[in-house]
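Participant: Sequence first, predicted model second:
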Amino acid sequence: MASGLQTALHLIYPPRCTICGDQVESDFGLCGPCWRDTPFISGLVCDACGVPLPGEEDAAQVVHCDDCMRIARPWQRGRAALLYKDNGRRLVLALKRGDRQDVVRPAALWMARAAKPLLTDNTLIAPVPLHWVRMLRRRFNQAALLAKAVADEAGLACCPDLLIRQRRTRSLEGLGFDARHQTLDGAIKAHPKRRHRMAGRHVLIVDDVMTSGATFSAAAQACFASGAKDVSILALARVAKDA
């Protein structure tokens, strides 16, 4: 019955490419040209932020990019599914500013695949939080949607309000590295009624984009302050200098 209904729906509403809208074979997919033009991250990557690196992938080799060797990251490991350019940028902006929540499902598949080396059976997944004022204006937290979908895909627990923004901060757009970190300093803390959930656990923090890492840093520090054993980070897209 269910499969018959699904077939009927596909006849009436055929699946469309998430990016260009052309007809595709399955729901929440990309057409061939859009798939080829989407900058998926693969191969050798920085173990701390997920940016792609030159060289051959080696499971026994742990490498870091120049930024992560220079900057003391408060988290252990990190990954991203896409580079923030071309179709990667279009997908992020479609979700964040275009209210295209259909992007969440394919994005979660790609993110869960990228995060596989980071996950354990005891991993707790949590989104980067929005301040309540921005939440009212935007109506949803795209990081929370991604975190829940990644957790479902990986079969792990998700706590959407594990962290809260206790201070409204200005937009980070256009700010340099130091200004971004200063702006976020102390802005995020653990929810007082949820902090027990991360005690002694590995926490995976999820956001849509990583640029300087300032938001992830503030979130990771809040997790460690509340007793998290390890913290990793996962972004849908990573801004890279040569992107």
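Facilitator: Noted; the coordinates are in hand.
Participant: all contacts plus neighbour counts: C-alpha atoms, from now on.
Facilitator: OK.
Participant: How much space separates Gln23 from Ala94?
Facilitator: The span separating Gln23 from Ala94 equals 19 Å under the rule C-alpha to C-alpha, to the nearest Å.
Participant: Domains of the protein: list them as residue ranges, please.
Facilitator: Domain segmentation of the chain under automatic domain parsing yields 1-37, 38-238.
Participant: Compute the number of surrounding residues for Lys189.
Facilitator: 22 (other C-alpha atoms under 10 Å).
Participant: Worst mean pLDDT among the domains of the chain?
Facilitator: The minimum mean pLDDT among the domains of the chain belongs to domain 1-37 (a mean of 70).
Participant: sorry, back to before: any idea which of the domains of the chain is most buried?
Facilitator: Among these, the stretch with the highest mean neighbour count (mean count of other C-alpha atoms under 10 Å) is domain 38-238, at a mean of 19.
Participant: Distance across that domain, terminal residue to terminal residue?
Facilitator: 13 Å.
Participant: ok now it, how far from the chain's centre?
Facilitator: Offset of domain 38-238 from its chain centre (C-alpha atoms, centre = their mean, to the nearest Å): 4 Å.
Participant: what's Leu82 sitting at in phi/psi?
Facilitator: Taking degrees, to the nearest 10, you get phi -130, psi 160 for the backbone angles of Leu82.
Participant: show me the contacts for it.
Facilitator: For Leu82, the contacting residues are Thr38, Pro39, Phe40, Ile41, Gly88, Leu236, Ala237, Arg238, by C-alpha atoms under 8 Å, 6 or more residues apart in numbering.
Participant: Just these: which are in helices?
Facilitator: Gly88 (DSSP state H).
Participant: can I get the contacts of Leu82 in TSV with distance to Ala154?
Facilitator: Formatted as TSV, the entries for the contacts of Leu82 read as follows, by distance: C-alpha to C-alpha, whole Å:
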residue	distance to Ala154
Thr38	23
Pro39	23
Phe40	19
Ile41	19
Gly88	22
Leu236	15
Ala237	19
Arg238	21
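Participant: Show me which of the contacts of Leu82 is closest to Asp58.
Facilitator: Distances from Asp58 to these, taken as C-alpha to C-alpha, are shortest for Ile41 (15.2 Å).
Participant: Strands of the chain, start to end?
Facilitator: 77-83, 124-127, 157-158, 163-165, 188-190, 202-210, 230-238 (DSSP state E).
Participant: Which among the ones you listed is found nearest to Leu109?
Facilitator: Using C-alpha to C-alpha, the nearest of those to Leu109 is strand 77-83, at 9.3 Å.
Participant: The closest one to strand 202-210, inter-axis angle?
Facilitator: In terms of direction (axes from the mean of the first three to the mean of the last three C-alpha atoms, to 10 degrees), strand 77-83 departs from strand 202-210 by 30 degrees.
Participant: As a check, name the ranges of all helices in the protein.
Facilitator: Counting by DSSP H, the helices of the chain are 2-12, 32-36, 66-70, 86-96, 104-115, 132-138, 142-154, 177-184, 214-225.
Participant: what is the orientation angle of the fourth one with helix 104-115?
Facilitator: Translated: helix 86-96. 120 degrees.
Participant: Would you mind putting the CA coordinates of helix 86-96 into CSV?
Facilitator: Taking Å, rounded to 0.1, in the frame of the first residue of the first chain, the C-alpha atoms of helix 86-96 are listed here in CSV:
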residue,chain,number,x,y,z
ASP,A,86,29.6,27.2,-6.3
ASN,A,87,26.8,24.7,-5.6
GLY,A,88,28.1,24.2,-2.0
ARG,A,89,27.4,27.9,-1.3
ARG,A,90,24.0,27.7,-3.2
LEU,A,91,22.9,24.9,-1.0
VAL,A,92,23.8,26.6,2.2
LEU,A,93,22.1,29.9,1.2
ALA,A,94,19.0,28.0,0.0
LEU,A,95,18.6,26.5,3.4
LYS,A,96,19.6,29.5,5.5
